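S.K.: Build me a structure from this.
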Amino acid sequence: MSSFRRFTSLFVLGLGILGAACSSAGDDGDDPANGEDALSTRNMTANDFGLKDHEIALTLDDGPGPRTIELAQWLADNDVPATFFMVGKNAKVNPAAVAKVAEISNAHNGLFIIGNHSMTHTTPLPSQGLQGSIHEIADADAILHDAIAKAQSVGYPSPVYFFRPPYGAFTALGAANIAKVNENTSAGRYTGPVFWDIGGELSANYSADWACWGKVTMDRCIDGYIAEATARKRGLMLAHDVHAKTVDMLMGKGAANGRSLIKELRAKGFKFVGLRSHDSAVANFGQQQEQLSSNAEITIDANVSTQNGGRVVVDIRTAGDAKIVVAFDSQAPTAEFHGNKQIDVTLAPGSHFVTVSAIGRDGTMHKQERYTFIIASDIANHDGQTDDHAPCVNYDHLTLHRPFKMFIKKVACDAPGAHVAVPGECYAYDGTVRVAANAEGQAAVRATGGAEWSVEYDLTFAADPNDLSKLSLILEQGTGHIVTGKRHAFRNAHGQAVNRAEAPFTETSVDCNEGIWRGQFEYSTGSKEDFLFRKPNADEPEYNER
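M.R.: Prediction:
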């Protein structure tokens, strides 16, 4: 079977990062109702893959990781289909794992699917714009293309190329830019974006592996997954094979103390199926969307915004003579009306969707849109259970204006003006970073919907008050690793922008016992500077500000 359809215009809220929501319109401002690639559609979830009650499709993101081969072999031994959404940069450094997943799939009649999860998995694609998105998809495709095809070379008439964007964020690129992504990259042959139904957020009742580690026990995490699967009855389950504890949780090994999430779900009557177990449903999905979108007499345009406390505001604008029906998460309709309306509801943390349907005078559905989004949990609601990485993952300490120390440019300790960061390690510049405020005046810290937290800091130097900048970090859940980051938004003491290119940085080490991060800034000139980032010591003035 050929790939079902190209990416199309998806009007869903792209998950924000660093406290700011992504734009919901394309850069070119094109009318989303025009053009082949502006067909109205939605992120694909359980319904679109034809999953029946008690069917679960396991999806594994962000790999390949150190234990991907081990997990893949265990899944094969236990006849568990899975889709590995791989990150290009990780596949590049671990080609053996990519090849092994494809090999195991071939040996088990196409048990596994390999998917594209972007090249770097840094900031969401809408934040990177058109060219950034093109590179993220195409660069990963260049590395994964052959493996994607090979993994499906047995058991299927032809391969289908699936795409899952980092953090589930893609649609905010807008119709015009998505069309250009299709035209200018290999993205035109991909099916998606593929979303998820189970494992989207750690809440009072549910779990997500990327949010569990460092906050709740393995038992609590397993119980949360089971509770969400039971409540939703079916779905695409999100987990991450780059986390050792996730591998243990799925297999029932090591830290799991014998409890296997896979085996316990099966014992409760759930069946694990592949993403292509109901191929015709995905093909029908594309055809139905084209039919619904062909009705030019009715239009639906909605903006979905998530706010604090689980509040969701859906601003709906329509044209045409139709009754509009709005429903959240396959529940009973929340509202029915004609014309325009703003819907304001409060939802629990987790992954959600709102469906907006237009019903004509004849009682048939003329158009339908579905908008997927995530409600992030409040970082203050953790239950205090942590693991050995606690000094690195105590995110409850990331409160507004909380200070940390930042030392830049490593020098000899006998150099003039050298600042001692830790015994025997000195730097030219001694700075302070404080957790910044977001647009709502709260700490610019949030779960991104993937395997990380984002944090934004204000960076200042006592010796140079004119050097003001921002420091943005993406921190990995459960380990505290800095996945990526940058120094940017340079301003002087008068608040004026300084013409200086942003400086990305790379983490080189983390010492969780001491809460110390080390790495390097890389400036546009090609020069590099070492940095050390840590919590303030008791003898430092910043310590009393905590």
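S.K.: give me the low-pLDDT residue ranges for the stretch 1-150 of the chain?
M.R.: Scanning the stretch 1-150 of the chain for pLDDT under 70 picks out 1-42.
S.K.: can we see that at 90?
M.R.: 1-48, 66, 93, 121-132 (pLDDT under 90).
S.K.: where exactly do the strands run in it?
M.R.: With DSSP state E, counting those that start in this stretch as the criterion, the stretch 1-150 of the chain has strands at 55-61, 82-86, 112-116.
S.K.: Dump these to TSV, plus distance to residue 195 and mean neighbour count.
M.R.: All C-beta spots, glycine's among them, are computed from the backbone N, C-alpha and C. Formatted as TSV, the strands of the stretch 1-150 of the chain follow (distance: least, C-beta to C-beta, whole Å; neighbours: other C-beta atoms under 10 Å):
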stretch	distance to residue 195	mean neighbour count
strand 55-61	10	25
strand 82-86	11	28
strand 112-116	12	27
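S.K.: Looking at these, spot the one closest to residue 373.
M.R.: strand 55-61 (18.0 Å; C-beta to C-beta).
S.K.: Send over the closest one as PDB, restricted to the C-alpha atoms.
M.R.: Extracted C-alpha coordinates of strand 55-61, given in PDB (Å, rounded to 0.1, in the frame of the first residue of the first chain):
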ATOM      1  CA  GLU A  55      -6.600  -2.500  21.700                       C
ATOM      2  CA  ILE A  56      -3.400  -0.600  22.400                       C
ATOM      3  CA  ALA A  57      -0.700   0.500  19.900                       C
ATOM      4  CA  LEU A  58       2.600   0.900  21.800                       C
ATOM      5  CA  THR A  59       4.600   3.900  20.500                       C
ATOM      6  CA  LEU A  60       8.200   4.600  21.800                       C
ATOM      7  CA  ASP A  61       9.700   8.000  21.300                       C
END
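S.K.: That one pairs with which strands, parallel or anti?
M.R.: If you go by DSSP bridges, strand 55-61 pairs up with strand 82-86 (parallel), strand 235-240 (parallel), strand 271-272 (parallel).
S.K.: With residue 107 as the reference, name the closest of those.
M.R.: For the strands paired with strand 55-61, proximity to residue 107 was assessed by C-beta to C-beta; strand 82-86 is nearest, at 14.4 Å.
S.K.: can you pull out the helices in the stretch 151-300 of the chain?
M.R.: 175-184, 209-212, 218-232, 244-251, 261-267, 279-293 (DSSP state H, counting those that start in this stretch).
S.K.: Restrict the longest strand belonging to the chain to CA atoms and write it as CSV.
M.R.: Ranked by number of residues, the top strand in the chain under DSSP state E is strand 464-476. What follows is the C-alpha trace of strand 464-476 in CSV, where atoms were taken according to Å, rounded to 0.1, in the frame of the first residue of the first chain:
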residue,chain,number,x,y,z
ASP,A,464,28.8,44.1,34.2
PRO,A,465,25.2,45.4,34.6
ASN,A,466,25.0,46.1,30.9
ASP,A,467,25.2,42.4,30.1
LEU,A,468,21.6,41.2,30.4
SER,A,469,20.4,38.1,28.6
LYS,A,470,18.0,35.1,28.7
LEU,A,471,19.0,31.5,29.3
SER,A,472,16.6,28.9,28.0
LEU,A,473,16.9,25.3,28.9
ILE,A,474,15.2,22.0,28.0
LEU,A,475,15.8,19.6,30.9
GLU,A,476,15.2,15.8,30.6
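S.K.: Just the angle for it relative to strand 235-240, thanks.
M.R.: 130 degrees (axes from the mean of the first three to the mean of the last three C-alpha atoms, to 10 degrees).
S.K.: tilt between the helix or strand following strand 464-476 and strand 464-476?
M.R.: Downstream of strand 464-476, the first helix or strand assigned by DSSP states H and E is strand 482-491. Angular relation of strand 482-491 and strand 464-476 on a 0 to 180 degree scale: 150 degrees, by the same axes, to 10 degrees.
S.K.: and residue 408, what are its bridge partners?
M.R.: If you apply DSSP bridges, the partners that residue 408 bridges to are residue 429, residue 531.
S.K.: And it, how far from residue 520?
M.R.: In this view, residue 408 and residue 520 are 10 Å apart by C-beta to C-beta, to the nearest Å.
S.K.: Looking at those two, which one has more neighbours?
M.R.: Ranked by neighbour count (other C-beta atoms under 10 Å), residue 408 and residue 520 place residue 408 first, with 21 against 15.
S.K.: Which residues are in contact with each of residue 408 and residue 520?
M.R.: Overlap of the contact sets of residue 408 and residue 520 (by C-beta atoms under 8 Å, 6 or more residues apart in numbering) consists of 529, 530, 531.
S.K.: so how many other residues sit close to the first one?
M.R.: For residue 529, the count of nearby residues is 18 (other C-beta under 10 Å).
S.K.: what ranges of the stretch 201-350 of the chain fall below the confidence cut-off?
M.R.: Applying pLDDT under 90 to the stretch 201-350 of the chain flags the ranges 201-205, 210-216, 231-232, 243-244, 254-257, 279-350.
S.K.: Using just helix, strand and coil, how would you label residue 301?
M.R.: Three-state assignment for residue 301 (DSSP: H, G, I helix; E, B strand; the rest coil): strand.
S.K.: Isn't it up against residue 317?
M.R.: Yes: Residue 301 lies in contact with residue 317 (C-beta atoms under 8 Å); the separation is 4.7 Å.
S.K.: Comparing the two, which residue is more hemmed in?
M.R.: Between residue 301 and residue 317, counted using other C-beta under 10 Å, residue 301 has the larger neighbour count: 18 against 13.
S.K.: where's that one relative to residue 367, distance?
M.R.: Counting by C-beta to C-beta, the gap from residue 301 to residue 367 is 11 Å.
S.K.: Repeat that for residue 144.
M.R.: From residue 144 over to residue 367 (counting by C-beta to C-beta), the distance is 35 Å.
S.K.: With residue 331 instead?
M.R.: To residue 367, residue 331 is 20 Å away according to C-beta to C-beta.
S.K.: Of those two, which one has the most company?
M.R.: Between residue 331 and residue 367, counted using other C-beta under 10 Å, the more crowded position is residue 367 (25 against 8).
S.K.: any idea which helix or strand carries the more buried one?
M.R.: In this assignment (DSSP H and E), residue 367 forms part of strand 365-375.
S.K.: How far away from the center of its chain is that strand?
M.R.: The chain centre lies 19 Å from the centre of strand 365-375; the measure is C-alpha atoms, centre = their mean, to the nearest Å.
S.K.: Show me what that strand is packed up against.
M.R.: If you count contacts as 3 or more C-beta pairs under 8 Å, 6 or more residues apart in numbering; DSSP states H and E, strand 365-375 packs onto helix 279-293, strand 299-306, strand 311-319, strand 350-359.
S.K.: out of the shared contacts of residue 408 and residue 520, who's nearest residue 276?
M.R.: residue 531 (46.0 Å).
S.K.: circling back to that earlier point, list just the one of the strands paired with strand 55-61 that sits closest to residue 166.
M.R.: With C-beta to C-beta as the criterion, residue 166 lies closest to strand 82-86 of the strands paired with strand 55-61, at 9.7 Å.
S.K.: Give me every residue in contact with the closest one, excluding its own residues.
M.R.: Under C-beta under 8 Å, 6+ apart, the answer for strand 82-86 is 57-64, 68, 72, 75, 98, 101, 111-117, 140, 144, 162, 164, 194, 241, 272, 274-275.
S.K.: Cool, thanks, talk later.
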